[in-house]
Structure formats: C-alpha cells, structure tokens
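A.B. asks: generate a structure from the sequence data that follows.
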Amino acid sequence: MGNTSSMLTQYDIEDVQEHCNNMFSQQEIVSLYERFCALDRNGKGFISADEFLSVPEFAVNPLSQRLLRMLDGLNFKDFLAFLSAFSSRASIRQKIESSCGSSFGGSWIFKRLWFDS
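C.D. replies: The predicted model follows:
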C-alpha cells in the first residue's frame, strides 16, 4: 500500500476498515484509494499540500491553509481515518475520537490544527 501504483489486497482493505472503525465499505475503500492515487501525482504514497491544492474545491476553501497543516503528508490509511470523522455513519463519540486521537495514536490532528504555525 506504500506504493500508490500497487493495487490494494484484501488484507489491505480489511486493515484499513479496522483502522477506520468500519466507517467505509470495502467498495468505498477501493474507490477512495483510486482517488487518492490520482491525487498522489508523484507516487510517493502520501498527498502533499500542492497535490491537495490541485482540487479546485479545496483550493478556494477559506479554511484550506489550516486544513493543509492537518492533511499535508498523510498516507492513505491515516487520510481515511481523518475522513471517517465526516462520515454520516460515525457517532459523535467516533467523530471526536478520530479527530482527537484514539484512532491513530494521539491527538495529532488537534495538535496540527491548533499548535502548528
């Protein structure tokens, strides 16, 4: 999964599902991976700030610079964990946990949002 030109294995899909508290179906994960790979133009396995800004809706968002501090350099697995906070399937508790840390090792989103300058 580190090389974006590779395809997801069933193991990868199940691993991502578990990492994201089953917020995404297997089909959604495959679809999101294809989109992630399209955005990861340099094929390094993460999406850079410049690559995020290539999405017109993101580039014109007044919060884009603050969001970039949170998103810049996320790999696919952590990117989906971040997106899971926006899922209608997520409970309030799950939304808080995915944005404040229990899903992937500490309150990194909170720290990046508030303390990075």
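A.B. asks: quick one: average confidence on stretch 41-48?
C.D. replies: Model confidence over stretch 41-48 averages 88 on the pLDDT scale.
A.B. asks: now stretch 66-85: buried residues?
C.D. replies: Counting neighbours by 16 or more other CB atoms under 10 Å, one finds that the buried residues in stretch 66-85 are 67-72, 74-76, 78-85. Just so you know, the C-beta spots here come from the backbone N, C-alpha and C atoms, and that holds for glycine as well.
A.B. asks: next SSE downstream of the helix or strand hosting Gln65?
C.D. replies: For Gln65, the element it lies in under DSSP states H and E is helix 64-71. Beyond helix 64-71 in the direction of the C-terminus, DSSP H and E gives the next helix or strand as strand 74-75.
A.B. asks: that following strand - what's its average pLDDT?
C.D. replies: Mean pLDDT, taken over the full extent of strand 74-75, equals 86.
A.B. asks: tell me how far that strand is from the chain's mean position?
C.D. replies: The offset between the C-alpha centroid of strand 74-75 and the centroid of the whole chain comes to 6 Å, using CA atoms, centre = their mean, to the nearest Å.
A.B. asks: tell me the helices and strands packed up against the helix or strand following it.
C.D. replies: From strand 74-75 onward toward the C-terminus, using DSSP H and E, the following helix or strand is helix 76-84. Packing partners of helix 76-84 (3 or more CB pairs under 8 Å, 6 or more residues apart in numbering; DSSP states H and E): helix 10-19, helix 26-39, helix 64-71, helix 92-100.
A.B. asks: now helix 76-84 - C-alpha only, PDB.
C.D. replies: Written as PDB, here are the backbone C-alpha positions of helix 76-84 (Å, rounded to 0.1, in the frame of the first residue of the first chain):
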ATOM      1  CA  PHE A  76      -3.900   6.600   2.600                       C
ATOM      2  CA  LYS A  77      -4.700   4.900   5.900                       C
ATOM      3  CA  ASP A  78      -4.500   8.000   8.000                       C
ATOM      4  CA  PHE A  79      -6.300  10.000   5.300                       C
ATOM      5  CA  LEU A  80      -9.300   7.700   5.600                       C
ATOM      6  CA  ALA A  81      -9.100   7.800   9.300                       C
ATOM      7  CA  PHE A  82      -9.400  11.600   9.000                       C
ATOM      8  CA  LEU A  83     -12.200  11.300   6.500                       C
ATOM      9  CA  SER A  84     -14.100   8.900   8.800                       C
END
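A.B. asks: if anything else comes up later, I'll come back, but that's it for now.
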